[in-house]
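Engineer: I'd like to go over a predicted model; first the sequence, then the structure.
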Amino acid sequence: MAVQAGLENLPSLLSIVLLVMLIANPVYSWLVSRINRNKIVLYFYLFFILNLLVFFFSWVLLDESWKPLIAKSFYIWCNVFSFFVVSIFWVSMINYFSGSQAKLYFGIISAGGSIGAFSGSSIARVFSTQVCGSVTLSEWGPFSLILISVFSLSIACFLSMSFKSEVNEKEGGVSSESLSGSAFEPITEIAQSSVLKNLSLYMVLWTGLMTFGWMIALGIVQEWSTDPCERTAFFARIEQIVTPLTLVCQFFVTSFVLRSFGIKKVLIIYGFILFAAIYFYEIYPEIMTVLIVVSILRTFEYGLSKPARESLFTKLKREQRYKSTVFLDTFFARGGEVMGSWFAAKGALLIGLSSMGATLFMIPFAALLSWAGYRSSKLLDE
């Protein structure tokens, strides 16, 4: 959808997503202060299921004149959904496990996400290669896949009933089922906390660098093929390569690395890896480069970086774990994406940089990312 919408329009769409994130976070913070925190996943996933069904029936029942608006709205909403649905799950995890348990188990838990990604990408690949353009179902386009998402989220709602914030509740000596604080507490907490400031900087830089590289990759994909079914199959193939690699890492490497080398070193090395990825896009702008680089980046992100960040989050205060972590995972992450996409699409040209010049321009930001990872882990005694 990003490619078909036009890469030149992507920064504007992501800016709208960022605005929606800014509005959604205070609403989330206000709601989470007033509901049973052990049912956060259940309540919010039910809300997302309702949203998916509204989009599905709007696409199927409304006439053709509505479809451009529905498609753009769905692209914006899907970006919000994809971040919130994962972040809210991890809120439950960081409040269930202690810091030492997180290093041991978060890699295994992340493996569940990888298996889900493999299942989803397999379904998408079958759709793009065997269904898309060949049967009546394909008239709904990607929206026919929404029904799979609804089914999966429904199972997740049932399983979430067992998520109780027992460990961190005992550690903090807190027994109330609801949280206190205002809707804008995550914003004020970040302004006052050195740890959250560093984590915010880390999130912005990580997603900014990742998006800058992704914009370059999308340009390579756009040059490679104009067929949306072929592009969908290519992206699905990447997921099918990433998942086995990630599962091996999550089952056999993540726990060992986090316990033996520590969270700090994982966060520090990310800046070097992201810059190397952008550099390879520049010197080898081929479709195989996209396949290899994206596979490596996603394996590192899902296998090591994400478990490391979530392990770090377990050391935050209770209110911060429930509210500030979601704000970091959604608004600041999307903020980095907006900056990365605008620079890739417009910024480099405005300041007169060549494509290689824009790549080299990323060096100080990659170094700052590594520094922010070091400071965050040090402030939390990791």
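Structural biologist: That came through fine.

Engineer: Residue 35: neighbour count?
Structural biologist: Look at residue 35: counted by other Cβ atoms under 10 Å, it has 15 neighbours. No exception for glycine: its C-beta is placed from N, CA and C like everyone else's.

Engineer: what's the answer for residue 158, then?
Structural biologist: By the criterion of other Cβ under 10 Å, residue 158 has 10 neighbours.

Engineer: From residue 151, how far out is it?
Structural biologist: For residue 158, the distance to residue 151 (Cβ to Cβ, to the nearest Å) stands at 11 Å.

Engineer: same deal with residue 39?
Structural biologist: Relative to residue 151, residue 39 is positioned 21 Å away (criterion: Cβ to Cβ).

Engineer: now swap in residue 290 and tell me
Structural biologist: The gap separating residue 290 from residue 151 is 31 Å, by Cβ to Cβ.

Engineer: Same question for residue 99.
Structural biologist: To residue 151, residue 99 is 35 Å away according to Cβ to Cβ.

Engineer: Give me the more crowded residue out of those two.
Structural biologist: Looking at residue 99 and residue 151 with other Cβ under 10 Å, you find the greater number of neighbours at residue 99, namely 19 against 11.

Engineer: Skipping its backbone neighbours, what lies nearest the more buried one in space?
Structural biologist: Once flanking residues are discounted, residue 99 sits nearest to residue 314: 4.6 Å by Cβ to Cβ, 6 or more residues apart in numbering.

Engineer: Got phi/psi on the one you found?
Structural biologist: For residue 314, the backbone dihedrals (degrees, to the nearest 10) come out as phi -60, psi -20.

Engineer: buried sites along the helix or strand where residue 221 lies?
Structural biologist: When secondary structure is defined using DSSP states H and E, the element that contains residue 221 is helix 194-224. Residues 195-221, 224 are the ones in helix 194-224 that count as buried (16 or more other Cβ atoms under 10 Å).

Engineer: Can you tell me which helices and strands it packs against?
Structural biologist: For helix 194-224, the contact count by 3 or more Cβ pairs under 8 Å, 6 or more residues apart in numbering; DSSP states H and E identifies helix 2-5, helix 10-32, helix 185-192, helix 228-252, helix 263-283, helix 287-300, helix 333-342, helix 363-379 as packing neighbours.

Engineer: give me that answer again for 7 Å
Structural biologist: For helix 194-224, the elements it packs on are helix 2-5, helix 185-192, helix 263-283, helix 287-300, helix 333-342, helix 363-379, judged by 3 or more Cβ pairs under 7 Å, 6 or more residues apart in numbering; DSSP states H and E.

Engineer: quick one: average confidence on it?
Structural biologist: Computed over helix 194-224, the mean pLDDT rounds to 90.

Engineer: How about stretch 375-382?
Structural biologist: The average pLDDT within stretch 375-382 is 81.

Engineer: Sketch out the low-pLDDT regions of this structure for me.
Structural biologist: The model of the chain has pLDDT under 70 over residues 1-9, 128-143, 165-184, 186, 381-382.

Engineer: Quick check, central residue of it?
Structural biologist: Note on the chain: the residue nearest the mean C-alpha position is residue 83, at 5.0 Å, using Cα atoms, centre = their mean.

Engineer: I'd like the distance between that residue and residue 196.
Structural biologist: On the measure of Cβ to Cβ, residue 83 and residue 196 end up 18 Å apart.

Engineer: repeat for residue 214
Structural biologist: Relative to residue 196, residue 214 is positioned 26 Å away (Cβ to Cβ).

Engineer: Now do the contacts for the nearest residue to residue 189 once chain neighbours are set aside.
Structural biologist: What sits nearest to residue 189 in space, not counting adjacent residues and going by Cβ to Cβ, 6+ apart, is residue 324, at 5.1 Å. Neighbour list for residue 324: 186, 189-190, 196, 316 [criterion: Cβ atoms under 7 Å, 6 or more residues apart in numbering].

Engineer: Return the closest of the residues you listed with respect to residue 34.
Structural biologist: Distance to residue 34 across those (Cβ to Cβ) is lowest for residue 186, with 15.3 Å.

Engineer: Strands of the stretch 51-200 of the chain, start to end?
Structural biologist: Listed in chain order, the stretch 51-200 of the chain contains no strands at all (DSSP state E, counting those that start in this stretch).

Engineer: what ranges do the helices span in it?
Structural biologist: For the stretch 51-200 of the chain, the helices identified by DSSP state H, counting those that start in this stretch occupy 67-96, 99-126, 146-159, 166-172, 185-192, 194-224, in order along the chain.

Engineer: list the buried ones in stretch 346-358?
Structural biologist: 347-348, 358.

Engineer: An error on my part: the question was meant for stretch 375-382.
Structural biologist: Residues 375-377, 379-380, 382 are the ones in stretch 375-382 that count as buried (16+ other Cβ under 10 Å).

Engineer: what do you get for stretch 110-124?
Structural biologist: In stretch 110-124, counting by 16+ other Cβ under 10 Å, buried: 110-111, 113-114, 117-118, 120-121, 123-124.

Engineer: how about CSV for those, with distance to residue 235 added?
Structural biologist: Formatted as CSV, the entries for those read as follows, by distance: Cβ to Cβ, whole Å:
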residue, distance to residue 235
110, 21
111, 21
113, 17
114, 16
117, 12
118, 13
120, 11
121, 8
123, 13
124, 8
